[in-house]
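Student: All I have is the shape, not the residue letters:
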């Protein structure tokens, strides 16, 4: 009998990294479904197209790096990146914008840094930020949800045609997002804006989508894919700061619940900021990381150039993650206090 | 029920304990051969007590401890020692170790043994010795000699005895079975341990997945004389870890680098307690243990009571091994156990479990993926480390960082690797990093030892060298001494040197050298009192020094002491005075402090004063004698004069200092009354010395009388000149101070008075100088041009100085006028200065004319060589005059433009200058003509 000689432990909780990715992808499905319900086939086509592209780019780079394809493609991290980017894009974005975004996310932001686990920045958010700066027109052309449309949503064929440039997006279909509407309210007070805007009185699609993301997030929390620290601290800090400003001046600032339920807040809190590779890892670090994102989101939304701010806030905090990890180390068993930074002994 | 705390992290792997609990405890048969490793514990391996071929009985000690942390080994059954040599032993590395092989005879014949039922009657050391002789080491895992843990030094006061019945690793049920079957024995062991360490609490920690064992223990504990509490803790891996169990049951953490005993806690395994009970009550050493045989490759897994030394393959056969399906053989549990690559290894005291696993049961770990920093490892780490960071550091070989992240606190429980979604063999990384760090530390220790050795060697060599050098030196000194002795003998024969003074000097140096030598020798002796050689040297040196001293004294007596010179006397007097002042100061200090030494000081002061007076008298006498004796000597009054001069200058310096101090004090607005007084005294002193000096000078002049040596006269004039210039400088300074004070709006009355005094003095000095000059001129009726020229120059400079002063004063006055101040005093001064300047100018002109006259009347036979400089001089004088005229014109123009009052004075000055210039031109023309006619 040939006995094998290996080191302990001899058992392992069944599961691969792909298992984690699969669960996260699974958790985005309610959000995707809600998007499709309100915006038509566009989001689904984007997600599928982006996933295919992501696998293609990933395979190409792995080939260049002489890595086994099946093993690395199987971790599904590329697909997850594609999902997150596609969910953040406008529903009927031209195909070439998506292609550029996926290329940047997979090839530049991830593989050039050494692949999974080595990238300092969230690949999907790097791509999103780049697209937002490079193609502001395409990136801000959101279509209206079905509830606010006169006619029906484009069918599957029409959607494909619109995305791949065979058909122009009908004029009546585009609409500003709630965040944009609020940002460009001009001299109107909050009350006036609320009274005048049909969009702000019909926020149900965005609220439903946010709720769907929240659902997925709770599923991941229950499955212990990640801990509560980042989403709770991020949403909590955003709620707190929005509440403070709203309480001080309701006519100038949006109500806190508005901030939680529109834009990419929920997607960011449960799917973007929680990306373990680029977030802080100690519990205390995660709390600081999440809370800072919440505050940054509010600051950029109110005083920045862009109506939404998840990408920039997350990227900014990605920069601080290694630092946070060094300075928020837990106290080791039997030690009087936690060490901070790297003290040479 | 006791409270239960919790520790961070932990996991819940599948337990897989049922398989081995299906069958009751079985007795493993005696194998044909037993292999007893000499090291089954932590510490030094035991030393064999038997030889090959020797028959041993069951329970007979076959190896004894070789050190403090070491244990006995006993024969598990009767038989013959067939071999002592290296065999594979249970170890993660699969290494070999020294073992005693026994061919069993199947008789299982016990050696004579006897227990003590009433262990409380035994002394503690005797009880501990029984446990030591039974060869018991911890049976939970680490295998630390039990006797040491139960027989602690007095500085460890134990308050809690924790018995570890947690058995948190999956698969293992050996302790569970033991508790079910032999709960009373365990409680008996705990009673013995408690008797030894006297804890206030006895706790048994057991996981809630062993209810039967918990019940059995609780019942047995109830029957005990002491209070033993069974604490059921939730099932969580690794609750059985010593540190985790301590935290779980007491809420206290074992501090880093300490053992539980340091915080009053001793942790013992249940198996160990049972062994202790057997050893004390029945006198049976530890020769068997319960081991779990489990795994899917066994047909009938279960627990076996196994003789130590039984080969694993023999055991597995008892449990129905299916060799074809066996893939991995693990000794210990699945989390921390290690694989065996050789089935012949024996069961030892720490072997609680052997898992014969199939490939399906323990599949090969999938290839590791990249760490995605998910942090799940951190969530489960019972040591509260950051495993993913440690992984990066270990991978990157950044061991210092890994250490700073407390890698050494890792207990290698495997929880992180168990939960890692990327299947990274984290524990392997940590073991590698720990090994590297330990290797590095060992190397450092080695290097440190090498360094210490090297330094010690160098030190020794240095010392040897020094000792040698010292010996050499001593020999050389002895040689030179004998030589010197010979020389002395030769010198004694010679006639005394002609000059007694010289002789005395020589003797003096000799005495001093001898004294120095003596001191040195004494010092050396003080450092090394035992050295007899040095003592002898000191004796020699002392006698020599005494001889030298005596010789010196004799010589001094013989030769008449030379009369002390005046200078010597003076120095003596000065020294005496200094001593007196010093002692006076000391006395004042002492009196101020009320010290007892004041009386003594006073007495010594009186003595010193008397001495100083005597010295002074002697000096005066000598001085008088000198004066009377050498009145014809011109050098003496000169010396006196010099002395007086320096005294005067010293007085002046003092005056200046006092003045400065006063100014400073005024600036600081301090109380200046005292300082002013001081200044006044200094002033007075300076005046008196100055007067004395002048008087002396006059006297000297008179004494010089008709001789009137020009060489002696010149210094006089110079001195007067410098005195005058000093007076002027003082005047200026005081003037400045006054100006400053006025600007600051201070009261300047005192200063002005001073100024007036100084003015007077300056005037006096100037007058004296002029008089002296006149006298000199008159005394030297035949004026020599060489002597005349400096006069002219001096006059010129005096005139120019006067002019400069005039200008400055003018400026000051202007300034004062602009500031709207009262300038009457200044103006007066100004007019005085004006006058003076005019006088100086006049004097200069007169002198010039006189010279010119003498020049022209001089016969020209002196030649053109003499004339040429004259011409030159005249030319330059004319040029200077012209320049002056121009400058004054300019100044006049300026003054007129500004409407200044000084314009008038300037105009008159200009006229004068013009006249002078024309005179100079004329003189020049005449001189030129003269030179031409001569040429």
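Tutor: Ah, there it is. Worth saying up front: this structure is predicted, and the values here are computed from it rather than measured. Numbers count the residues shown, from 1 in each chain, chains lettered A, B, ... in the order given.
Student: Which of the residues in the host helix or strand of residue B:623 are classified as buried?
Tutor: Taking DSSP states H and E as the criterion, residue B:623 maps to helix B:598-629. With burial defined by 16 or more other Cβ atoms under 10 Å in any protein chain shown, the residues of helix B:598-629 counted as buried are B:598, B:601, B:604-605, B:608-609, B:611-612, B:615-616, B:618-619, B:622, B:626. Bear in mind the C-beta positions are built from the backbone N, C-alpha and C, glycine included.
Student: cool, and stretch B:128-139?
Tutor: B:128, B:130-139.
Student: so which of those comes closest to residue B:910?
Tutor: Ranked by distance to residue B:910 (Cβ to Cβ), the buried residues of stretch B:128-139 are led by residue B:138 at 121.0 Å.
Student: Chain A versus that closest one, what's the distance?
Tutor: 19 Å (Cβ to the nearest Cβ, to the nearest Å).
Student: Quick check: closest non-adjacent residue to that residue.
Tutor: residue B:144 (4.7 Å; Cβ to Cβ, 6 or more residues apart in numbering or on different chains).
Student: Residue A:193 too?
Tutor: residue A:185 (4.6 Å).
Student: shaky segments in the stretch 151-300 of chain A?
Tutor: Scanning the stretch 151-300 of chain A for pLDDT under 70 picks out A:171-173.
Student: who in it is up against chain B?
Tutor: A:224-227, A:276-277, A:279, A:281-283, A:286 (Cβ under 8 Å from any Cβ of the partner chain).
Student: again, only using 7 Å
Tutor: Contacts of the stretch 151-300 of chain A with chain B, taken as Cβ under 7 Å from any Cβ of the partner chain, map to A:227, A:276-277, A:281-282.
Student: Kindly reformat those as a markdown table containing neighbour count.
Tutor: Shown next, in a markdown table, are those (neighbours: other Cβ atoms under 10 Å in any protein chain shown):
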| residue | neighbour count |
| --- | --- |
| A:227 | 19 |
| A:276 | 22 |
| A:277 | 23 |
| A:281 | 24 |
| A:282 | 22 |
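Student: Residues contacting stretch A:93-112, please?
Tutor: A:46, A:49-50, A:53-54, A:57-58, A:61, A:78, A:81-82, A:85-86, A:89, A:119, A:121, A:123-124, A:126-128, A:130-131, A:135, A:138, A:163-165 (Cβ atoms under 7 Å, 6 or more residues apart in numbering or on different chains).
Student: Looks to me like residue B:230 is in a strand.
Tutor: Yes - under DSSP: H, G, I helix; E, B strand; the rest coil, residue B:230 sits within a strand.
Student: gap between it and chain A?
Tutor: Taking Cβ to the nearest Cβ, one finds residue B:230 at 25 Å from chain A.
Student: quick one on the thing from earlier: residue A:140 versus the residue nearest to residue A:193, what's the distance?
Tutor: Note on residue A:185: its distance to residue A:140, by Cβ to Cβ, to the nearest Å, is 17 Å.
Student: Kindly report the same for residue B:397.
Tutor: 49 Å.
Student: same deal with residue B:70?
Tutor: 79 Å.
Student: And residue B:147, by the same measure?
Tutor: 79 Å.
Student: for residue A:60, what are its contacts?
Tutor: Per Cβ under 7 Å, 6+ apart, neighbours of residue A:60: none.
Student: Go ahead and confirm the residue nearest to residue B:138 touches residue B:70.
Tutor: No - counting by Cβ atoms under 7 Å, residue B:144 stays clear of residue B:70, with 11.1 Å between them.
Student: Between these two, which is the more surrounded one?
Tutor: residue B:70 (24 against 19; other Cβ atoms under 10 Å in any protein chain shown).
Student: how far out from the middle of the chain is the longest helix anywhere in chain B?
Tutor: As assigned by DSSP state H, the longest helix anywhere in chain B is helix B:426-493. Put simply, helix B:426-493 sits 25 Å off its chain's centre (Cα atoms, centre = their mean, to the nearest Å).
Student: on contacts alone, who are the packing partners of that helix?
Tutor: helix B:387-395, helix B:399-404, helix B:415-419 (3 or more Cβ pairs under 7 Å, 6 or more residues apart in numbering or on different chains; DSSP states H and E).
Student: if you set the cut-off to 8 Å instead, what comes out?
Tutor: helix B:387-395, helix B:399-404, helix B:415-419, helix B:532-558 (3 or more Cβ pairs under 8 Å, 6 or more residues apart in numbering or on different chains; DSSP states H and E).
Student: List the neighbours of the third one that are in contact with it.
Tutor: Read it as helix B:415-419. Outside of helix B:415-419, the residues within contact range by Cβ atoms under 8 Å, 6 or more residues apart in numbering or on different chains are A:9, A:11-13, B:9-11, B:13, B:237-238, B:335, B:376-382, B:387, B:424-428.
Student: ok, now the first one?
Tutor: Counting by Cβ under 8 Å, 6+ apart, the neighbours of helix B:387-395 from elsewhere in the structure are A:281, A:325, B:371, B:373-375, B:377-378, B:381, B:398-399, B:401-402, B:405, B:407, B:410, B:416, B:424, B:426, B:429-430, B:432-433.
Student: circling back: other SSEs contacting the helix holding residue B:623?
Tutor: With contacts defined as 3+ Cβ pairs under 8 Å, 6+ apart, helix B:598-629 has these neighbours: helix B:566-593.
Student: Phi first, then psi, for residue B:163.
Tutor: phi -100, psi 120 (degrees, to the nearest 10).
Student: same deal with residue A:102?
Tutor: The phi/psi pair for residue A:102 (degrees, to the nearest 10) is phi -70, psi -40.
Student: returning to what we had before: so for residue B:397 and residue A:140, which residue has more residues nearby?
Tutor: Set side by side, residue B:397 and residue A:140 show more neighbours around residue A:140, with 16 against 12, by other Cβ under 10 Å.
Student: From what I see, residue A:43 and residue A:37 are in contact.
Tutor: No - look at residue A:43 against residue A:37 with Cβ atoms under 8 Å: they stay out of range, at 9.7 Å.
Student: higher neighbour count, these two?
Tutor: Taking neighbours as other Cβ under 10 Å, residue A:43 and residue A:37 compare with residue A:43 leading, 26 against 16.
Student: Run a quick neighbour tally on the residue lying closest to that one once chain neighbours are set aside.
Tutor: Sequence neighbours aside, residue A:35 is the residue nearest to residue A:43 in space, at 4.1 Å (criterion: Cβ to Cβ, 6+ apart). Neighbours of residue A:35 under the rule other Cβ under 10 Å: 25.
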